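Peer 1: from the sequence below, what's the structure:
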Amino acid sequence: MTDLTTRYLGLTLKNPIVASASPLTKKLDSARKLDEAGVGAIVMYSLFEEQIIQESLELDHYLTRGTESFAEAQTYLPDTGLYTMGPGKYLDHLTAVKKSVSVPVIGSLNGVSSGGWTRYARYMQDAGADAIELNLYYLATDPDLTGQELENAQVELVADVKASVSIPVSVKLSPFITSLPNFAKRLVQAGADGLVLFNRFYQPDFDLDNLEVQHTLVLSTSEELRLPLRWVSILYGRINADLALTTGVHTAADVLKAMMAGAQVVMIASEILKNGYNRIPDLLANMTAWMEEHEYQSIQQMQGSMSQKAVREPAAFERANYMRVLGSFRDLP
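Peer 2: Numbering: from 1, shown residues only. Model (predicted):
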């Protein structure tokens, strides 16, 4: 019988398909449906740093009412959109999800400064989270902020959070890092048990009729798999941490490619949002059929088999491939 089990963050999962942080876990019924559909684990939607700050400011407001100290701070905070559930309710919801599903549940924190992160990491652990995913979502817009300063702050944050909890901690990264392998190594040295590649930035657009900036959710496609696939392949075996591939996972072939690159799990949301919960059993069935046809007995057997360390032409992952791809272009008829 084909064995789909895998290990991620010290947890044994029945298969490598993990529901990634998304609105899918905002409702208890949706989390149950993910479990029933057969996912190996669930990552809760993110608790944003802005929500933690908002809670602190609201407390300060009631303690200092009438002092005019809160007005400016209110306008500073960005709109959190659908993610309006406060920290306290988030933790209650996390506990309820954990009690209602049979698979591991991973809490998600989204921010860049220490502050409430360490405190809420402990709260998530107490609420029943099996692990924590730190989402290092930050877009540097200050010309005076150096890459080294930003990386140092993020490494320190990971170390602080890791020191505050006893459960595993993974870090969800941006692909926009000058030397990703070095940064990954530093995060692991700071205590990260796993790395999630990559955070998917939602780019703004312009409404030319109303001259406004638009924020539109665009779901991923399988074409976006190549970037995280490349970096999982490069990092596999070079750092002592589990690897999760996210962004662009839509088919059984996408999952299998991720495993061969060296990922322990894939994280999926867009495909479920687009085509429903039944896609999970379909993916698992198609994976099993392919593995049986190609005589793979387990997921572990294929993990890392197509990584940079394992292939005959490791340069295909590097700059040499750039020239080869350009050289393969043929003129239009």
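Peer 1: would you map the helices across the stretch 151-300 of the chain?
Peer 2: Taking DSSP state H, counting those that start in this stretch as the criterion, the stretch 151-300 of the chain contains helices spanning 180-189, 226-235, 252-261, 270-275, 279-293, 299-302.
Peer 1: residues of stretch 245-258 that come out buried?
Peer 2: Within stretch 245-258, the residues scored as buried using 16 or more other CB atoms under 10 Å are 245-252, 254-258. Quick note: C-beta positions are derived from backbone N, CA and C, even for glycine.
Peer 1: same question, stretch 214-229
Peer 2: Quick answer for stretch 214-229 (16+ other CB under 10 Å): S220, E224, L225, L227, P228, L229.
Peer 1: hmm, who's touching it?
Peer 2: 81, 175, 197-198, 200, 202, 204-207, 245-251, 254, 257-258, 261, 270, 273-274 (CB atoms under 8 Å, 6 or more residues apart in numbering).
Peer 1: next: stretch 266-277.
Peer 2: Under CB under 8 Å, 6+ apart, the answer for stretch 266-277 is 16-24, 33-34, 36-37, 43, 196, 219-221, 244-246, 249-250, 254-255, 258-259, 279-280.
Peer 1: mind checking which of the residues you listed land in strands?
Peer 2: When DSSP state E is applied, the contacts of stretch 266-277 are split such that I17, V18, A19, V43, V196, A244, L245, T246 fall in strands.
Peer 1: closest to G10 among those?
Peer 2: A244 (13.4 Å; CB to CB).
Peer 1: now the closest one, nearest residue through space, not along the chain?
Peer 2: V196 (4.4 Å; CB to CB, 6 or more residues apart in numbering).
Peer 1: now swap in T246 and tell me
Peer 2: Leaving aside its sequence neighbours, T246 sits nearest to M267 (CB to CB, 6+ apart; 3.7 Å).
Peer 1: give the burial count for the one you found, as a bare number.
Peer 2: For M267, the count of nearby residues is 27 (other CB atoms under 10 Å).
Peer 1: please name the bridge partners of it.
Peer 2: V18, T246 (DSSP bridges).
Peer 1: per-residue pLDDT, it?
Peer 2: You'll see M267 listed with a pLDDT of 97.
Peer 1: quick one: it and G248, what's the gap?
Peer 2: 10 Å (CB to CB, to the nearest Å).
Peer 1: cool, and Q303?
Peer 2: Here Q303 is placed at a distance of 19 Å from G248 (CB to CB).
Peer 1: before we move on, what about E313?
Peer 2: 23 Å.
Peer 1: got it, and L173?
Peer 2: For L173, the distance to G248 (CB to CB) stands at 15 Å.
Peer 1: do the same with V18
Peer 2: Look at V18 and G248: by CB to CB, they are 14 Å apart.
Peer 1: likewise for D254?
Peer 2: Distance of D254 to G248, given as CB to CB: 7 Å.
Peer 1: now swap in S100 and tell me
Peer 2: 29 Å.
Peer 1: about what we covered before: and the buried residues of stretch 245-258, which is closest to Y123?
Peer 2: T246 (24.5 Å).
Peer 1: list the contacts of the closest one.
Peer 2: Contacts of T246 by CB under 8 Å, 6+ apart are S20, K172, V196, L197, F198, R200, P228, V266, M267, I268.
Peer 1: now distance to R119 too, for the residues you listed, in TSV please.
Peer 2: Shown next, in TSV, are the contacts of T246 (distance: CB to CB, whole Å):
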residue	distance to R119
S20	25
K172	20
V196	22
L197	27
F198	27
R200	27
P228	31
V266	31
M267	26
I268	30
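Peer 1: show the buried residues in those.
Peer 2: S20, K172, V196, L197, F198, R200, P228, V266, M267, I268.
Peer 1: got the end-to-end distance for stretch 22-42?
Peer 2: 10 Å (CA to CA, to the nearest Å).
Peer 1: got the buried residues for it?
Peer 2: 22, 24-26, 30-31, 33-35, 37-42.
Peer 1: and what of stretch 283-299?
Peer 2: L283, L284, M287, T288, M291, Y296, I299.
Peer 1: state the mean pLDDT of it.
Peer 2: Mean predicted lDDT for stretch 283-299 stands at 97.
Peer 1: and the contacts of it?
Peer 2: 2-6, 15-17, 38, 251-253, 255-256, 259, 302.
Peer 1: quick one: that stretch to chain centroid distance?
Peer 2: 25 Å (CA atoms, centre = their mean, to the nearest Å).
Peer 1: how about K27, what does it touch?
Peer 2: No contacts exist for K27 under CB under 8 Å, 6+ apart.
Peer 1: distance of it from M44?
Peer 2: For K27, the distance to M44 - CB to CB - is 12 Å.
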